[in-house]
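**Student:** Just a sequence and a predicted model for now, questions to come.
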Amino acid sequence: MSNISARLATAGLIEASRRSEIAPFIVMDVMERAARIEAAGGHVIHMEVGQPAAPAPVVAREAARRALDGGRIGYTMALGIPSLRERIARHYGEAYGLDLDPGRVVVTTGSSGGFILAFLAMFEPGDRIAIANPGYPPYRHILTALGCEPVLIDTDAHSRWTITPEALGEAHRRTPLKGLLVASPANPTGTMMTPDALAQLLATANELGIRVISDEIYHGLDYAFPAATAAALSPDATVIHSFSKYFCMTGWRVGWMVMPQPLVRAAERLQQNLMISVPTLSQVAAEAAFEGRVEMEAVKRGYEENRMILTQGLPSAGLPEFLPVDGAFYLYADVGRFTGDSAGFARRLLDEAHVATTPGVDFDPHRGHHYLRLSYAGSAADMREAVARIGDFLKRG
């Protein structure tokens, strides 16, 4: 540090803002630790990050290559390339039988960009937004950074690990809520809401004047029963989706929102100023990706095989307790019989067995010390090896 920088730091002129004082996303720290082991020659089974091992559909990559070869890649409209918005709207007719106006579609920089835009468009600083606990950490971290208050509603086996209308009403009576964020299939649990359960929750939120955001980024990866979209159940709900999971396009950073029409212009103004537009190549690839479903369904069948390997193999390995594995590509395992420190347990599992998992404290600050999240988005061979390594690790104690 230079003398000038040191003086500025001493004077408090280059201190980080209070709003930046949010918890880290622990899974990223696990990835870094795993990378160090691999750099030293170790073979790590990656079950920590929710990232498909498969690449984007061939048609998507070819479309991007043609666009790149065509020359100049410039800005697009802030709401997205019109043909992509139209194709997304058509997808809702194909998947859910919903006639959706393309004018309600907003293309975003992944679901992460969608959450930022939705939170800014829908809430004011100090607003309280309900979130299921356990849940995806950036929900509460982004809300906190934006000056909102995440309200964690604990879920359990009795509610099938989802927020019930009764729990929402009780939280609202204690201190009024402005928003509700739901996810089905959910991260980290992999559990899903039935269409009736989702409809009842949305109806209750509407009666209470609570705005709803539905995280549907794992739609298409449903095994227990077909996922229902909030867009078909409530015209007032905002849906956030992404090409990252089903279409295996995590690094392309492209997603979308379906918003109530009155919010679209607000999202457009925010996007114009915060991002200008989503990367053009990613949008071109995303539009083509819809034509790669045969390829993606084969990838999904691979997840189903992995799901079977874990649900059948982990009990024999010594991990018999986990939540319903309905969708996405996660298994949320109870390790309470072995530890009250899931972070330390995950670190030992990585260091000693070279299996990378995410400690439950990343997702649930209340009870996550007894859980691990295992992603099964890798290969079947890796899943079998992971079961064997976990079994050996638990036997050694």
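**Tutor:** Now that the structure is in, tell me what you want to look at.
**Student:** a helix runs through residue 276, doesn't it?
**Tutor:** No. Using DSSP: H, G, I helix; E, B strand; the rest coil, the assignment for residue 276 is coil, not a helix.
**Student:** thinking it is in contact with residue 75, fair?
**Tutor:** Yes. If you go by Cβ atoms under 8 Å, residue 276 and residue 75 touch, sitting 5.8 Å apart. All C-beta spots, glycine's among them, are computed from the backbone N, C-alpha and C.
**Student:** Please save the CA atoms from stretch 267-278 in CSV.
**Tutor:** Provided in CSV are the C-alpha atoms of stretch 267-278 (Å, rounded to 0.1, in the frame of the first residue of the first chain):
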residue,chain,number,x,y,z
ALA,A,267,-37.3,-2.5,-14.9
GLU,A,268,-36.4,-1.0,-18.3
ARG,A,269,-35.2,2.3,-16.7
LEU,A,270,-33.2,0.4,-14.1
GLN,A,271,-31.6,-1.9,-16.8
GLN,A,272,-30.8,1.1,-19.0
ASN,A,273,-28.8,2.7,-16.2
LEU,A,274,-27.3,-0.4,-14.4
MET,A,275,-26.5,-2.7,-17.3
ILE,A,276,-27.5,-0.9,-20.5
SER,A,277,-28.3,-4.3,-22.0
VAL,A,278,-27.6,-8.0,-21.6
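**Student:** what's it in contact with?
**Tutor:** 75-80, 106-109, 113, 116-118, 120-121, 253-254, 257, 259 (Cβ atoms under 8 Å, 6 or more residues apart in numbering).
**Student:** now do 7 Å
**Tutor:** Where contact means Cβ atoms under 7 Å, 6 or more residues apart in numbering, the residues beyond stretch 267-278 that reach it are 75-80, 106-109, 113, 117, 120-121, 254, 257, 259.
**Student:** Please spell out the ChimeraX selection for the buried subset of the residues you listed.
**Tutor:** Restricted to buried positions by 16 or more other Cβ atoms under 10 Å, the ChimeraX selection for the contacts of stretch 267-278 reads:
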select :76,78,79,80,106,107,108,109,113,117,120,121,254,257,259
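**Student:** Give me the subset of the contacts of stretch 267-278 that lies in helices.
**Tutor:** Residues of the contacts of stretch 267-278 located in helices (DSSP state H): 113, 117, 120-121.
**Student:** for the stretch 51-200 of the chain, which spans come out with low pLDDT?
**Tutor:** Along the stretch 51-200 of the chain, no part satisfies pLDDT under 70.
**Student:** helices and strands around the longest helix along the chain, which ones?
**Tutor:** Looking across the chain with DSSP H, the single longest helix is helix 293-317. The helices and strands touching helix 293-317, judged by 3 or more Cβ pairs under 7 Å, 6 or more residues apart in numbering; DSSP states H and E, are helix 380-396.
**Student:** Determine the set of other helices and strands touching the helix it packs on.
**Tutor:** strand 45-46, helix 293-317, helix 342-353, strand 355-356.
**Student:** Residue 213 contacts residue 202, correct?
**Tutor:** No. Contact criterion Cβ atoms under 7 Å: residue 213 and residue 202 do not qualify, at 11.1 Å.
**Student:** out of those two, which sits in the more crowded spot?
**Tutor:** Legend: neighbour count by other Cβ atoms under 10 Å for residue 213 and residue 202, higher for residue 213 (26 against 21).
**Student:** May I ask which helix or strand encompasses the more buried one?
**Tutor:** Element membership for residue 213, per DSSP states H and E: strand 211-215.
**Student:** all helices of the stretch 51-200 of the chain, in order?
**Tutor:** Applying DSSP state H, counting those that start in this stretch to the stretch 51-200 of the chain gives helices spanning 58-69, 82-96, 110-122, 137-145, 165-174, 195-208.
**Student:** in the second one, what's buried?
**Tutor:** The neighbour-count check on helix 82-96 (16+ other Cβ under 10 Å) flags 84-89, 91-92, 96 as buried.
**Student:** can I have the strand holding residue 213 written out in CSV, keeping just the CAs?
**Tutor:** Written as CSV, here are the backbone C-alpha positions of strand 211-215 (Å, rounded to 0.1, in the frame of the first residue of the first chain):
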residue,chain,number,x,y,z
ARG,A,211,-46.1,-8.7,-3.7
VAL,A,212,-44.7,-12.0,-4.9
ILE,A,213,-41.5,-13.0,-6.7
SER,A,214,-41.3,-16.6,-7.9
ASP,A,215,-37.9,-18.0,-8.6
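**Student:** one step back: can you tell me what sits against the longest helix of the chain?
**Tutor:** So helix 293-317 is contacted by 52, 54, 57-58, 221, 223, 246-248, 325, 329, 331, 333, 374, 376-377, 380, 383-384, 387, 390-391, 394 (Cβ under 7 Å, 6+ apart).
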